[in-house]
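Student: here are the coordinates; sequence isn't available:
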């Protein structure tokens, strides 16, 4: 089923046109014995699609027209979370509270910070 889907709805179906590519290369080879396969590919794929004598035959080559449909599939795999709570119960520790008298600074002293420097 997956192969059938890939052959119909993805660019893989263009690979079925490879015999046409080989036959068309042989046609060019019969006209010009010195043409290489790379030169053939350059003429048909890297020069655009010029309307020459064999334009209709050129359009039968693989990946020359945009008739194939591109379908994107994606799968999302989420990890399975078995437990949200730990197995061992959490014990809270007793903390020492700060003594207010040790850390208390009166607001009277804060006004002294913003005074201009005094010259003695």
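Tutor: Everything's here; your move. Source: prediction; values computed, not measured.
Student: pLDDT wise, what is residue 61 at?
Tutor: Predicted confidence (pLDDT) for residue 61: 86.
Student: with residue 88 instead?
Tutor: For residue 88, pLDDT reads 73.
Student: helix/strand/coil for it?
Tutor: Following DSSP: H, G, I helix; E, B strand; the rest coil, residue 88 is assigned to coil.
Student: which helix runs longest in the protein?
Tutor: Criterion DSSP state H: the longest helix present in the chain is helix 18-31.
Student: what does that one contact?
Tutor: Contact with helix 18-31 is made by 35, 37, 40, 43-44, 54, 57-58, 60-62, as judged by Cβ atoms under 8 Å, 6 or more residues apart in numbering. (Glycine included, C-beta is placed from N, CA and C.)
Student: got those residues as TSV, with neighbour count columns?
Tutor: As requested, the contacts of helix 18-31 are exported to TSV (neighbours: other Cβ atoms under 10 Å):
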residue	neighbour count
35	14
37	12
40	18
43	14
44	20
54	13
57	14
58	17
60	14
61	20
62	17
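Student: sitting in helices, which of those do you find?
Tutor: Going by DSSP H, the helices hold 37, 40, 43-44, 57-58 from these.
Student: what's the most distant pair in those residues?
Tutor: Spatially, the most separated pair among the ones in helices among the contacts of helix 18-31 is 37 and 57, at 16.8 Å (Cβ to Cβ).
Student: about what we covered before: the longest helix of the chain versus helix 37-45: what angle between them?
Tutor: In terms of direction (axes from the mean of the first three to the mean of the last three Cα atoms, to 10 degrees), helix 18-31 departs from helix 37-45 by 110 degrees.
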